[in-house]
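K.L.:
fold the following.
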Amino acid sequence: MGHDIAGYNQAGEEIAYLRFGMSNGHAAIVYSVLDADEFNGGVSGTGNSSSFSMQQMEKALNEYQSFWKSNKIPESEFVKWEIKQIQDFLSICMSAAEKEGNVRVSFS
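P.N.:
As a prediction, this is how the structure comes out:
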């Protein structure tokens, strides 16, 4: 079990991907900044998807970055890597939404 979160462009191509183990707290942060808690099934995503505008993705990225500015980043190299992966995911999805009007994100 785990959380697979993927971003898709208008052509249906996967453009960004995140994978979290079922007990990884960073998955909950991603759901939260995307205002997508209804897609969090606890041990995995619900299998649903939603479209997000550029403004929604920008807001999510800003909230995510603010979260880590106000909280101490753990020293673990893995956690630092994971934080960067989430920022990259949000940035890629934001860019796609800016170019195409929106981006679809699936939560499984």
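
K.L.:
could I get the full set of strands for this protein?
P.N.:
In the chain, the strands defined using DSSP state E lie at 2-8, 14-21, 48-52, 103-107.

K.L.:
so for residue 67, which of the ones you listed sits nearest?
P.N.:
strand 14-21 (15.7 Å; Cβ to Cβ). (Each C-beta comes from the backbone N, C-alpha and C, glycine too.)

K.L.:
how many neighbouring residues does the closest residue to residue 32 other than its chain neighbours have?
P.N.:
Leaving aside its sequence neighbours, residue 32 sits nearest to residue 63 (Cβ to Cβ, 6 or more residues apart in numbering; 8.0 Å). Residue 63 has 15 neighbouring residues, counting by other Cβ atoms under 10 Å.

K.L.:
one step back: tell me the most buried of the strands of the chain?
P.N.:
strand 103-107 (a mean of 23; mean count of other Cβ atoms under 10 Å).
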